[in-house]
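> Fold the following, please.
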Amino acid sequence: ETHLAFCGAHGPATTPCSLDLTGKGHVAVSGVVLADDASPSGRSIRVTWTPAAGHQAAVTGNCAQGFKEAVRGMYLSTLHAAEFPLTTVGAGPRMEELESYAWRVEVE
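So this is what the prediction gives:
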């Protein structure tokens, strides 16, 4: 499930607008484990994903219809990625707030 919020001006527009995108469905995902000296386990994982066929997305807000459609299309087709530290074995679940992202990841 995804909830993205946008607020600001885009393109030649000088008046800010806002939109909310809500997505739900399956994704095609892969991950690569990397060495990471800053991680508690000494490792992090970089995951990449794209929404799978049948993934749903709805965009609402006061932005121009063309912009809302472009954001929806980009969300449904663009490769997304994030990198986060891995826990040590037996450490239990931990919630990670990812820098530069508005995402939270629960690592077990």
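> contacts and neighbour counts: CA atoms only from here.
OK.
> What ranges does this protein have for its helices?
65-77 (DSSP state H).
> Output the below-cut-off pLDDT ranges for it.
Applying pLDDT under 70 to the chain flags the ranges 13, 92, 96-108.
> all strands of it, in order?
For the chain, the strands defined by DSSP state E occupy 2-8, 17-24, 27-35, 43-51, 56-61, 80-85, 94-97, 104-107.
> export those to CSV and tack on distance to Arg72?
Output for the strands of the chain, formatted as CSV (distance: least, CA to CA, whole Å):
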stretch, distance to Arg72
strand 2-8, 11
strand 17-24, 7
strand 27-35, 15
strand 43-51, 12
strand 56-61, 7
strand 80-85, 14
strand 94-97, 25
strand 104-107, 22
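> so Val29 sits right up against Thr48, yeah?
Yes. In this structure, Val29 is within contact of Thr48 by CA atoms under 8 Å, at 5.6 Å.
> Determine the number of other residues adjacent to the closest residue to Cys17 other than its chain neighbours.
Among residues not flanking Cys17 along the chain, Cys63 sits closest, at 5.0 Å (CA to CA, 6 or more residues apart in numbering). Applying other CA atoms under 10 Å, we find 22 residues neighbouring Cys63.
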